[in-house]
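> using only what follows, build the 3D model:
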Amino acid sequence: MLPRGILRGVLLLTVGVSVLSAGCSSVPIDLRRIAIRSDPPGAEVLANGKKIGVTPITIVPDRDFPPVMDWSNLVYQAKGILTLRKAGCKPYSEPVNDSVLSKDISVRLDCSGPVAAAPAQSEPPAPPVPQAAAPVSARPGPRAAARPAVPAHRLSVAARLRRLEKLRKDGLITDREYRTIRERILSGL
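Have a look, this model is predicted:
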């Protein structure tokens, strides 16, 4: 026969496990939904860099921005970056947390003026398609091979002036631009 203390411990352990497992199965999962809208509509929506859809869209914040433990503040909350992108508009990014994700989000995208370089795509580029070898006469010469560009400030003055003269001869800059840049190069001597 087991001592009374051990029997009591086994009984408490059995009851505790039963209560905890029953309690865990009834804990509701937070499936609240929020709407994300953009003006103009049709913007690509990214959650932490991963595409989740196109506006207007309804999301479950805990699924798209999974909560994590913030040990510095001892808080379990959602954190991340919400990004909206649309061709012809400046990308919009916003850090999000539980308070931002507690209500619908509406964003007016800035589609006026020139748009900066497009942000990196969230999907990897497609692999190149193999092509048949070009005839020898159609192949580019050794000067056409890709070479890394040397920044102008690392070139000698003579090389910078030669490069400037070539730009003028090729019609890529005006005579006025040529004179202005040439003066700037020579004043740096």
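> surely residue 63 is in a strand?
No: secondary structure of residue 63 (DSSP: H, G, I helix; E, B strand; the rest coil): helix, not part of a strand.
> how many other residues sit next to it?
Each residue near residue 63 was counted by other CB atoms under 10 Å, and the total is 13. All C-beta atoms are positioned from the backbone trio N, CA, C, and that covers glycine.
> cool, residue 57 as well?
By the criterion of other CB under 10 Å, residue 57 has 16 neighbours.
> is it true that it touches residue 34?
No: the pair residue 57 and residue 34 does not pass the contact test of CB atoms under 8 Å, sitting 9.5 Å apart.
> helix, strand or coil: sort out the residue nearest to residue 67 when sequence neighbours are not counted for me.
Nearest residue to residue 67, sequence neighbours excluded (CB to CB, 6 or more residues apart in numbering): residue 78, at 4.8 Å. Secondary structure, three-state DSSP: residue 78 is strand.
> gap between residue 78 and residue 101?
Spatial separation of residue 78 from residue 101 under the definition CB to CB, to the nearest Å is 6 Å.
> which of these two has more neighbours?
For residue 78 and residue 101, the more surrounded residue by other CB under 10 Å is residue 101, and the numbers stand at 24 against 20.
> for that one, what are its contacts?
By CB atoms under 8 Å, 6 or more residues apart in numbering, the residues touching residue 101 are 34, 61, 65, 78.
> okay, these in TSV with pLDDT next?
Rendered in TSV, the data for the contacts of residue 101 read as follows (pLDDT from 0 to 100):
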residue	pLDDT
34	90
61	85
65	85
78	79
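> for residue 58, give its distance to residue 80.
Going from residue 58 to residue 80 by CB to CB gives 17 Å.
> can you check residue 186 too?
53 Å.
> then residue 42?
Taking CB to CB, one finds residue 42 at 22 Å from residue 80.
> kindly report the same for residue 174.
When residue 174 is compared with residue 80 (using CB to CB), they lie 49 Å apart.
> of the two, which one has the most company?
In this view residue 174 and residue 80 are compared by other CB under 10 Å, and residue 80 has more residues nearby, 21 against 10.
> what mean pLDDT would you report for stretch 82-96?
For stretch 82-96, the mean pLDDT works out to 91.
> could you do stretch 40-51 as well?
Summarised as a single mean, pLDDT over stretch 40-51 is 92.
> so for it, what gets flagged as buried?
By 16 or more other CB atoms under 10 Å, the buried positions in stretch 40-51 come out as 43-47.
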